[in-house]
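# Below: sequence and its predicted model.
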Amino acid sequence: MPITKLEQMFDYLAERPKKKLVAAYANDSHTIVAVHEAVKRGIIDGILIGDESIMRQRCSDHEIDPDTFTMIHEPVDTLAATMACELINKGEGDFLMKGLLSTDKYMRAILNKEKGLMNPGAILSHVTVVEPLNYHKLLIIGDVAIIPLPDLNQKVAITNYLIKTAKFLGIEKPKVALLAASEQTLPKIPSSADAAIIAKMAQRGQISGATIEGPLGFDLIVDKESAEIKGVHSEVCGDADCILFPNIEAGNTFYKTATKLMKTELGAVVMGARVPCVLSSRGDSEQTKLYSIALAAMLTQKG
Amino acid sequence: MSMEPIRSLQELAQKVISKGTLTRVAVACGEDQNTLGALDRASQEGFVKAILLGDKQRIQKLLDSEGLDPQAFEIVHTDSAQQAVTEAVRMVRDDEADVLMKGLIGTDKFLKAVLDKEKGLLPPKAVMSYVCALELPKYRKLLFISDTAVLIDPDLEQKMAMISYSVRMAQRFGIEKPKVALISATEKVGAAMPATMDYALLSKMGERNQLTDCIIDGPLDIFLACDPQSLLIKGVDTPIEGDADVLIFPNLESANSFYKGLMLFADGELAGLIQGTIKPVVVMSRSESAASKYYCLALSCLMAE
């Protein structure tokens, strides 16, 4: 059964062996509270790396028992991030989460050639799963945070991450929509041209495991009737599981509009490294952080 | 206006003959042994009225030595090759002739007159291209191919023109909705072969009803385009169904080698025509067979209507 609400991830994970989260530089309340909540819900074990006395202080600020976690003392942020990656490479952790250090330092630790989490040639990208109030399923979208203007190769990689995420959420053959301003193939508009090329690659079996359609305007992606009116007869229209955005502005504006104006919940994760990496920002709600942890845990399950 | 499709070049000639209309062909530098035979046969069969522009004396001498009846031709004397081609183009522009044909004149000089912005035959911004109707003993119908002669490395817009010209020609042969295969070395899309990226766009445009008068798909290789058996083995999903009417090639080298190989080794026969001009323009190469030259002429008459 595919997961259609973010909350359902917890039921799924509760029945499976707990995964080990490694939080890099967990000196802040936000991280500790979110990890604690996930531990309490029984989906993970938490390893916190940071300044132990500060982490203990944060725990007592929120009346959290510090013994809920495994704590490792490393008071320097970059070293804490490096150590987190090393733990994962040694097989002592299943996925990574960002603490109080800057995104820049966090990413640099992941991307470090010797001690990081990348395989050669891998493309790092960001996948978000949103739960729109008036859509019948989850929407898996990318890239709204890491790759500003993906080229064709990167778009293919992002598409594959969307498909992979959908499969981990129990969707057997995900329907992937390639977003552009309209369904017309307009060779001079890169979003439209790339979408046509990716759709053709999928038709030729160069991207597998999904039904892929594009270029499509947003209306056609989420509304079957709009698609029919415009003469596009595709099973993707009105029933899309995944949306590939042509650039970061479009994707970022979409998810922020959904969360800020329409109370949409979401979880997000960085893909492309050896393990999923949670990259929540301080602006994210507690709920979002919890969903992001759950999503990363989902992605570490056996496929 | 549905008609039984023309399936061979012989049927093409019969079609033109049976219509009984006389097409006026202006030949620039008609003192040309290369083309006279085809012109004579076509006029004997009553579908061509040949107007030979050039050196009157030399034309008459040539007709005499070839044993052809001078009464069958209209001869217009000009003082130079340049004057002959300029006048021939003018006649076509002014509706005094229906088809322009290259005689004994350099291709460069001939095409320069055709391409002349004010006095030529190419509308502003039109793409000049070349389409051949190819007859092959091993294929069940004619195959329209482009571009074998003019566009060296066509971009997307030029490919669109090639498609539109080929489709229009196939429709004149009675194929209402031609199947257009965009040819590559493989059916896969990838930046390593840039034409395949154009093909992805073009076939998506077809899917979106932006190209409505044909069924179009690509990239496909020639096996997948023309052989249902190969399609079955490879399991590629394409509306061409191994039954292509039109093959669009990625560049001149591939198209040119394709047809020449078939002419030499597989008993192919062809008729070809310049495309994009306001009226048909025939350029025959010296190496073409007598039959091909005759079919080129017949093709120009079909397209001149």
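Arrived safely, thanks for sending.
# what does whatever helix or strand residue B:83 lives in rub up against?
In this structure, residue B:83 sits in helix B:81-93 according to DSSP states H and E. Residues from elsewhere that reach helix B:81-93 (C-beta atoms under 8 Å, 6 or more residues apart in numbering or on different chains): B:26-30, B:51, B:53-54, B:76, B:78, B:96-100, B:103-105, B:109-110, B:113-114, B:116, B:119-121, B:278-279. For every residue, glycine as well, the C-beta is placed using N, CA and C.
# which of those count as buried?
Burial by neighbour count, 16 or more other C-beta atoms under 10 Å in any protein chain shown: within these this picks out B:26-30, B:51, B:53-54, B:76, B:78, B:97-100, B:103-105, B:110, B:113-114, B:120-121, B:279.
# Filter the contacts of helix B:81-93 down to the ones in strands?
Taking DSSP state E, the ones among the contacts of helix B:81-93 that sit in strands are B:26, B:27, B:28, B:51, B:53, B:54, B:76, B:99, B:100.
# So for residue B:107, what's the nearest residue that isn't a sequence neighbour?
Excluding its sequence neighbours, the residue lying closest to residue B:107 (C-beta to C-beta, 6 or more residues apart in numbering or on different chains) is residue B:283, at 6.6 Å.
# Would you mind listing what in the stretch 51-200 of chain B touches chain A?
B:156, B:187, B:188, B:189, B:190, B:191, B:197, B:199, B:200 (C-beta under 8 Å from any C-beta of the partner chain).
# how does it look with 10 Å?
B:155-157, B:160, B:186-191, B:196-200 (C-beta under 10 Å from any C-beta of the partner chain).
# Just the ones of the residues you listed in helices?
B:156, B:157, B:160, B:196, B:197, B:198, B:199, B:200 (DSSP state H).
# and these, which are buried?
Buried among those (16+ other C-beta under 10 Å): B:156, B:160, B:196, B:197, B:198, B:199, B:200.
# now the residues you listed as a markdown table including pLDDT?
Listed next are these as a markdown table, based on pLDDT from 0 to 100:
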| residue | pLDDT |
| --- | --- |
| B:156 | 97 |
| B:160 | 97 |
| B:196 | 98 |
| B:197 | 97 |
| B:198 | 98 |
| B:199 | 98 |
| B:200 | 98 |
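# Does residue A:108 lie in a helix or a strand, and which?
Judged by DSSP H and E, residue A:108 forms part of helix A:103-111.
# Repeat that for residue A:176.
strand A:175-179.
# tell me what that strand is packed against?
strand A:139-142, helix A:152-168, helix A:190-203, strand A:211-216, helix A:218-222, strand A:242-244, helix A:248-262 (3 or more C-beta pairs under 10 Å, 6 or more residues apart in numbering or on different chains; DSSP states H and E).
# Now tell me which of these the model trusts least on average.
Mean pLDDT is lowest for helix A:248-262 out of the helices and strands packed on strand A:175-179, coming in at a mean of 93.
# Off-centre distance for that one?
15 Å (C-alpha atoms, centre = their mean, to the nearest Å).
# same thing with stretch B:222-241?
Centre to centre, stretch against its chain (C-alpha atoms, centre = their mean), the figure for stretch B:222-241 is 26 Å.
# Likewise for stretch B:262-273?
Taking C-alpha atoms, centre = their mean, one finds the center of stretch B:262-273 at 13 Å from the center of the full chain.
# check contacts around residue A:170.
Residue A:170 makes contacts with A:1, A:2, A:3, A:4, A:8, A:9, A:12, A:298, as judged by C-beta atoms under 10 Å, 6 or more residues apart in numbering or on different chains.
# Mind doing that once more with 6 Å?
Contact analysis of residue A:170 by C-beta atoms under 6 Å, 6 or more residues apart in numbering or on different chains lists A:2, A:3.
# Specify the local secondary structure of residue A:126.
Three-state call for residue A:126 (DSSP: H, G, I helix; E, B strand; the rest coil): strand.
# Grab the nearest non-local neighbour of it.
residue A:145 (4.0 Å).
# Just the element for the one you found, please.
Counting by DSSP H and E, residue A:145 is part of no helix or strand.
# Repeat that for residue B:272.
Per DSSP H and E: strand B:269-275 holds residue B:272.
# list the buried ones in that strand?
So for strand B:269-275, counting by 16+ other C-beta under 10 Å, buried means B:269, B:270, B:271, B:272, B:273, B:274, B:275.
# Which other helices and strands does it contact?
Helices and strands touching strand B:269-275, by 3 or more C-beta pairs under 6 Å, 6 or more residues apart in numbering or on different chains; DSSP states H and E, are strand B:129-135, helix B:290-304.
# winner for burial among these?
strand B:129-135 (a mean of 25; mean count of other C-beta atoms under 10 Å in any protein chain shown).
# What pairs with the helix or strand just after that one, parallel or antiparallel?
Moving toward the C-terminus from strand B:129-135, the next helix or strand (DSSP H and E) is strand B:143-146. In the sheet, strand B:143-146 lines up against strand B:129-135 (antiparallel), strand B:246-248 (parallel) (DSSP bridges).
# For strand B:143-146, output the C-alpha coordinates as PDB.
What follows is strand B:143-146, C-alpha atoms only, in PDB (Å, rounded to 0.1, in the frame of the first residue of the first chain):
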ATOM      1  CA  LEU B 143      10.500   6.000 -49.400                       C
ATOM      2  CA  PHE B 144      10.900   9.800 -49.200                       C
ATOM      3  CA  ILE B 145      14.200  10.900 -47.900                       C
ATOM      4  CA  SER B 146      15.900  14.200 -47.000                       C
END
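# Just the residues contacting that strand, thanks.
Defining contact as C-beta under 6 Å, 6+ apart, one finds that strand B:143-146 is touched by B:131, B:132, B:133, B:134, B:162, B:166, B:169, B:170, B:246, B:247, B:248, B:255.
# Recalculate using a threshold of 8 Å.
Contacts for strand B:143-146 (C-beta under 8 Å, 6+ apart): B:129-136, B:162-163, B:165-166, B:169-170, B:173, B:178, B:226, B:244-249, B:255, B:258-259, B:275.
# okay, the angle between the lowest-mean-pLDDT helix or strand in chain A and strand A:175-179?
Ranked by mean pLDDT, DSSP states H and E, the weakest helix or strand in chain A is helix A:248-262, scoring a mean of 93. Between helix A:248-262 and strand A:175-179, the angle comes out at 110 degrees (axes from the mean of the first three to the mean of the last three C-alpha atoms, to 10 degrees).
# Flag every buried residue along helix A:248-262.
Buried residues in helix A:248-262 (16+ other C-beta under 10 Å): A:248, A:250, A:251, A:252, A:254, A:255, A:258, A:259.
# Might you report the residue contacts of the fifth one?
Residue A:254 is in contact with A:141, A:144, A:245, counting by C-beta under 8 Å, 6+ apart.
# Include neighbour count and distance to residue B:182 when you put those residues into JSON lines, please.
As requested, the contacts of residue A:254 are exported to JSON lines (neighbours: other C-beta atoms under 10 Å in any protein chain shown; distance: C-beta to C-beta, whole Å):
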{"residue": "A:141", "neighbour count": "28", "distance to residue B:182": "32"}
{"residue": "A:144", "neighbour count": "24", "distance to residue B:182": "35"}
{"residue": "A:245", "neighbour count": "25", "distance to residue B:182": "29"}
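# and which of these is nearest to chain B?
residue A:245 (18.8 Å; C-beta to the nearest C-beta).
# what's near enough to touch the closest one?
A:141, A:142, A:143, A:144, A:179, A:251, A:254.
# Present these as CSV; the columns should include distance to residue A:208.
Formatted as CSV, the contacts of residue A:245 follow (distance: C-beta to C-beta, whole Å):
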residue, distance to residue A:208
A:141, 20
A:142, 18
A:143, 21
A:144, 25
A:179, 21
A:251, 24
A:254, 26
